[in-house]
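have a look at this prediction, sequence included:
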Amino acid sequence: MADNRIKPNFRKISFSRHVLSLSVLSALLLSGLIFITVLAAAPAEGVVAEGVSVPGVELGFTRAEVEAAWGPPEYCQNVNGYDQGSCKFIADDGGQIFVRYRGADGGPASNSPGDVAYFIHWYQLAGWVTTAGVNTALAYNDPDAVLAAYPNATTSQQSLFDWSIDDPALGIHIYYHTDYLSGALSVSMGISFPTTPPPPQEEFFVRVSSIDFYTSQKNQYGARVLIQDDHGQYMEGALVSATWTEPDGSQVTLSGTSDQFGKVYFDLGKLKRRGTYTLAIEDVVISGFTFDPANSVLSATLTK
């Protein structure tokens, strides 16, 4: 017997459901119930608060918070033993930003979402302007204006091709680099947590306390130079340079090192000419001390 029952058209039903799904999706999109995620990026313009923040990100943000603000980095790499401790981000206009991380406990970064941003360094972002009105364009064209904006900043030369303007107390840094081959100058900027400058180290001085002449049994002359610090302690190991001038103007350069009693002995030989001889101290060198000529005996004379 023939089967005259109506067979379901599965292809048609399936197609109808597909059409229905597209219709529902379109309606949801139009109603705003479904959102398309757009990757974030660092803004090309904004205010930099020295030692605090750059547009969209603050120092102290976790790695997760930085990526929530700017999106995923272009890449990260290990730096000085810090696991993925430096990450590069690209701003809307193509500027480059590098974020340095350390662990939440202050130790090395461990490539953890909880790692903390402690230094932010940027290139080619003239739209980032500090509260003092400084950006990379101004720093490039007028370094003196940068120093005027940050009167407590200091300049330092790292190499023949690199120097910087830094104010650690504000947490602002401007870096200058000259390309070895082309001679082109580039300028970048960075912020870090403000730090209190270390107190000035105590300076220690060394001086010549006295110069005495003496003779030996063979009529040989010598000079005895006493070296002490500014507290009167004998200084052992001080290298003393001096000039011995004879009556006719001829000179001899002398040098010697002080003994445990702070004394340096110079052999002057026999005095063959009549007249005045002069021993003049040129320099005193010892590690950790500064020669103090203003409070030293710098010369002594001997007349034959």
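Great, that's in hand.

who's in contact with residue 245?
Contacts for residue 245 (C-beta atoms under 8 Å, 6 or more residues apart in numbering) come out as 251, 277-280. Every residue, glycine included, has its C-beta placed from N, CA and C.

which one of those has the most neighbours?
Neighbour counts for the contacts of residue 245 peak at residue 279, which has 21 neighbours (criterion: other C-beta atoms under 10 Å).

over to residue 113. Which of the three states is it?
Using DSSP: H, G, I helix; E, B strand; the rest coil, the structure places residue 113 in coil.

which stretches in the stretch 1-150 of the chain count as strands?
Per DSSP state E, counting those that start in this stretch, the stretch 1-150 of the chain has strands spanning 46-48, 53-54, 57-58, 75-79, 82-90, 96-102, 116-123, 128-130. These are given in chain order.

for residue 173, find the nearest of these.
strand 116-123 (8.1 Å; C-beta to C-beta).

hang on, the earlier thing: in TSV: the strands of the stretch 1-150 of the chain, plus distance to residue 265, mean neighbour count and mean pLDDT.
Shown next, in TSV, are the strands of the stretch 1-150 of the chain (distance: least, C-beta to C-beta, whole Å; neighbours: other C-beta atoms under 10 Å; pLDDT from 0 to 100):
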stretch	distance to residue 265	mean neighbour count	mean pLDDT
strand 46-48	63	16	97
strand 53-54	64	22	98
strand 57-58	66	18	98
strand 75-79	55	14	95
strand 82-90	56	19	96
strand 96-102	56	22	97
strand 116-123	55	20	97
strand 128-130	61	21	98
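
can you list those strands in a markdown table and add distance to residue 302?
Compiled in a markdown table, the strands of the stretch 1-150 of the chain are given as follows (distance: least, C-beta to C-beta, whole Å):
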| stretch | distance to residue 302 |
| --- | --- |
| strand 46-48 | 68 |
| strand 53-54 | 70 |
| strand 57-58 | 73 |
| strand 75-79 | 64 |
| strand 82-90 | 66 |
| strand 96-102 | 65 |
| strand 116-123 | 63 |
| strand 128-130 | 65 |
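
start from the N-terminal end of the protein and give the helices.
With DSSP state H, the ranges of helices along the chain come out as 10-31, 63-70, 136-141, 143-149.

and the contacts of residue 245, which is closest to residue 207?
For residue 207, the nearest member of these is residue 280. The distance, counting by C-beta to C-beta, is 15.1 Å.

right, and the closest one touches residue 251 too?
No: checked against C-beta atoms under 8 Å, the pair residue 280 and residue 251 is beyond contact range at 9.3 Å.

give the residues shared as contacts by those two.
Between them, residue 280 and residue 251 share the neighbouring residues 243, 245, with contact defined by C-beta under 8 Å, 6+ apart.

the strands in the stretch 201-304 of the chain, which residues?
205-215, 221-229, 239-245, 251-257, 263-269, 276-285, 290-291, 299-303.

report the angle between the last one and strand 221-229.
An angle of 160 degrees separates the directions of strand 299-303 and strand 221-229 when computed by axes from the mean of the first three to the mean of the last three C-alpha atoms, to 10 degrees.

which of the residues in strand 299-303 are buried?
Residues of strand 299-303 classed as buried under the neighbour-count rule (16 or more other C-beta atoms under 10 Å) are 300, 302.

just the third one next, same as before
Applying a neighbour-count criterion of 16+ other C-beta under 10 Å, the buried positions in strand 239-245 are 240, 242, 244-245.

cool, the second one as well?
Residues of strand 221-229 classed as buried by neighbour count (16+ other C-beta under 10 Å): 221, 223, 225-229.

quick check: mean pLDDT across it?
Looking at strand 221-229 alone, the average pLDDT works out to 96.
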